[in-house]
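J.: Need the 3D shape of this:
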Amino acid sequence: MKRTTEELFAVTAPGLEEVCAGELSALGMEAVRAVPGGVEFSGGLREIYLANLWLRTASRVVVRLGQVKARDFPGLFQGGVRLPWGKFVRPGTRTRVRAASHASRLGHTGRIAATLADAADRALGRPGPPGDGPEQLVLARFQDDLCTLSVDSSGELLHRRGYREEGASAPLRETLAAGILLQLGWDGTRPLVDPMCGSGTFLVEAALIAGNRAPGARRVFAFQGWPRYRPGLWEALSTEAARAERNVEVALRGSDSDPGAVAAASRNAARAGVAQELELAVADLSSLKPSPGPGLVLCNPPYGERLERDSDLRPLFRTLGQVYRQAFGGWRGALLCPDRRLAEATGLTLAKRAALVNGGIRVALFTARL
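T.: Next up is the predicted model:
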């Protein structure tokens, strides 16, 4: 039987495209190519399942449904009816279309979405959308009168690993935390310290990496509701992932001056199944003692949404720089910050490693040899 190959796309946050491409290549995917906003690759059901199970840096994995050239809504409807909806949508599953349009005659995204949803109903042989029940997201993007449609295979965004039910203020997204660790080349073989750990996202993601634990092992996905879902294949891949787990042999330590944040980090680690791998403590930044190394010290310090407020944070960043130098000599240091001038208040010799987005704020990842 000929193996079906689909055009696949892993959606990422800005700045994580190359890291995600590296993940996909390591998984053995074919035709991997990083582009702005994500990574193109190809494969069948096995590759779709593997990508959702293992990708640490992608937001979602989508499958190309098809393309429709249209300059009016009747043409869009007729072209939409001819798409293979039945491969991905059961008759009892509602179709939710999210549309975007650029440089095209059809610019009303609400009507685009409604037209394509109607086309799906017609193609599936039903009089209209079903009532309450499962829902399948379809992404439609018009560019120069060409509409590209993709089916979401992930369901909830992939950063929702299932362990973080609570967070400190301005929590770091799991995919971003994992992406930063991978960008820094951290592979779980050297100690990691986060002296401003908040709800513990860096540390939990580090434990998952060090233990070779699949980030998607504890959740469900949209593809499990597809007509051609193969539960046996999914079970086999999940079992294989569980067998590949290893013991965490490296120190992963975090501290924060906020007892509530440390308590949340502890509960998040427990839900992720990595509580035994982390050392968490309530401690002021300036009280940290020298640590044996070498290793990586990494944090996401607080910063204002408006840079004019950042002058109030300079004393904190100066203290952070002092702690990095005094407690982590010989280590590699890294931090997130939206403004180089504020980062330079640390007094460290910094190199900009990556441009990223954290909670809608453009930030840079800075590194330093300590």
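J.: elements contacting the strand or helix carrying residue 265?
T.: Secondary structure assigned from DSSP states H and E places residue 265 in helix 259-272. Counting contacts by 3 or more Cβ pairs under 8 Å, 6 or more residues apart in numbering; DSSP states H and E, helix 259-272 packs against helix 201-210, strand 252-256, strand 278-282. (Glycine included, C-beta is placed from N, CA and C.)
J.: Now the element after the first one, going C-ward?
T.: Of the helices and strands lying after helix 201-210 in sequence (DSSP H and E), the nearest is helix 231-243.
J.: what do you get for the last one?
T.: Using DSSP H and E, the helix or strand that follows strand 278-282 towards the C-terminus is strand 296-299.
J.: would you list the helices and strands packed on helix 259-272 in TSV and tack on distance to residue 329?
T.: Listed next are the helices and strands packed on helix 259-272 as TSV, based on distance: least, Cβ to Cβ, whole Å:
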stretch	distance to residue 329
helix 201-210	21
strand 252-256	16
strand 278-282	20
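J.: most tightly surrounded among those?
T.: helix 201-210 (a mean of 26; mean count of other Cβ atoms under 10 Å).
J.: residues in contact with that one?
T.: 56, 163-164, 167, 171-174, 177-178, 180-182, 186-189, 192, 194, 197, 213, 215, 248-250, 252-254, 265, 268-269, 272, 274, 277-278, 280, 298-300 (Cβ atoms under 8 Å, 6 or more residues apart in numbering).
J.: if we can go back for a sec, pLDDT averaged over the helix holding residue 265, what's the number?
T.: Mean per-residue pLDDT for helix 259-272: 94.
J.: With stretch 78-94 instead?
T.: Confidence for stretch 78-94, expressed as mean pLDDT, is 96.
J.: Which positions within that stretch qualify as buried?
T.: 79-81, 83, 85, 88-90, 93-94 (16 or more other Cβ atoms under 10 Å).
J.: Which two of the residues you listed have the greatest separation?
T.: Largest separation among the buried residues of stretch 78-94 by Cβ to Cβ: 79 and 90, giving 22.3 Å.
J.: Count the neighbours of the nearest residue to residue 286 once chain neighbours are set aside for me.
T.: In space, residue 286 comes closest to residue 319 once its chain neighbours are excluded; the distance is 5.7 Å by Cβ to Cβ, 6 or more residues apart in numbering. Using other Cβ atoms under 10 Å, residue 319 is surrounded by 16 other residues.
J.: Provide the strand pairings for the longest strand anywhere in the chain, with the direction of each partner.
T.: Ranked by residue count and defined by DSSP state E, the top strand of the chain is strand 58-69. Paired strands of strand 58-69, with direction, are strand 6-12 (antiparallel), strand 146-152 (antiparallel) (DSSP bridges).
J.: tell me the angle the helix holding residue 265 makes with strand 278-282.
T.: Angle of helix 259-272 versus strand 278-282, following axes from the mean of the first three to the mean of the last three Cα atoms, to 10 degrees, is 160 degrees.
J.: Run through who's touching helix 259-272.
T.: Contacts of helix 259-272 (Cβ under 8 Å, 6+ apart): 161-168, 197-201, 203-204, 207-208, 218, 254-256, 275, 277-278, 280-282.
J.: just for this protein, where's the confidence low?
T.: 1-3, 166-170, 304-311 (pLDDT under 70).
J.: let's see it at 90
T.: Within the chain, the set of residues satisfying pLDDT under 90 comprises 1-4, 128-133, 162, 164-172, 218, 286, 288-293, 302-312, 359-360.
J.: before we move on, back to that, so is the residue nearest to residue 286 in a helix, a strand, or just coil?
T.: helix (DSSP: H, G, I helix; E, B strand; the rest coil).
J.: Against residue 113, how distant is it?
T.: 50 Å (Cβ to Cβ, to the nearest Å).
J.: and the most centrally placed residue in the chain, what are its phi and psi?
T.: Closest to where the C-alpha atoms of the chain average out (Cα atoms, centre = their mean) is residue 175, at 3.0 Å. Per-residue torsions, residue 175: phi -60, psi -40 (degrees, to the nearest 10).
J.: Next: residue 157.
T.: Phi and psi for residue 157, reported as degrees, to the nearest 10, are phi -60, psi 150.
J.: Contacts only, for the residue nearest to it when sequence neighbours are not counted.
T.: Spatially, and ignoring its direct neighbours in sequence, residue 157 is nearest to residue 59 (5.3 Å; Cβ to Cβ, 6+ apart). The contact partners of residue 59, by Cβ under 8 Å, 6+ apart, come to 11-13, 157-159, 175.
J.: repeat that for 6 Å
T.: By Cβ atoms under 6 Å, 6 or more residues apart in numbering, residue 59 lies in contact with 11, 157-158.
J.: can you check residue 163 too?
T.: 268, 271-272.
J.: do that again at 10 Å, thanks
T.: Neighbouring residues of residue 163 by Cβ atoms under 10 Å, 6 or more residues apart in numbering: 174, 200-201, 204-205, 208, 215, 218-219, 267-274.
J.: Can you tell me which of those are buried?
T.: 174, 200-201, 204-205, 208, 215, 219, 267-269, 271-274.
J.: which among the residues you listed gets closest to residue 287?
T.: residue 200 (18.9 Å).
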